[in-house]
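S.K.: here are the coordinates; sequence isn't available:
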């Protein structure tokens, strides 16, 4: 599991052994990925309607996805490792 997602998971009061015991580690990671995706979609939509040039969905989104352990930059990094 991505370190940032695991940190947030622990801050919420959960622990990885519980997650593994319940067999939800893959589901939780997908849940976290979907939350990040929905948030990025909302940011991109608002930036589009407000004309906010500080946000570039094409450039910024992949870097944020990388921080949370998924997306094309993460895949490229994982492929190289």
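M.R.: Looks like it arrived, so ask away. All values derive from a computational prediction rather than experimental measurement.
S.K.: Give the rounded mean pLDDT of stretch 5-12.
M.R.: Per-residue pLDDT values across stretch 5-12 average out to 88.
S.K.: residues making contact with that stretch?
M.R.: Stretch 5-12 has contacts (C-beta atoms under 8 Å, 6 or more residues apart in numbering) with 1, 16, 19, 28, 29, 32, 68, 69. Heads up, the C-betas are built off the backbone N, CA and C, glycines and all.
S.K.: try stretch 30-45
M.R.: 2, 5, 8, 9, 55, 57, 61, 64, 65, 68, 69, 70.
S.K.: Just the buried subset of the contacts of stretch 5-12, please.
M.R.: Listed as buried from the contacts of stretch 5-12 are 1, 19, 28, 29, 32, 68, 69; burial here means 16 or more other C-beta atoms under 10 Å.
S.K.: quick one: which two of those residues are the most distant?
M.R.: 19 and 68 (16.7 Å; C-beta to C-beta).
S.K.: Identify the residues contacting the residue nearest the centre of the chain.
M.R.: Centroid check for the chain by C-alpha atoms, centre = their mean gives residue 68 as the closest residue, at 3.7 Å. For residue 68, the contact set (C-beta under 8 Å, 6+ apart) comprises 2, 4, 5, 32, 33, 36.
S.K.: rerun that using 6 Å as the cut-off
M.R.: 2, 4, 36 (C-beta atoms under 6 Å, 6 or more residues apart in numbering).
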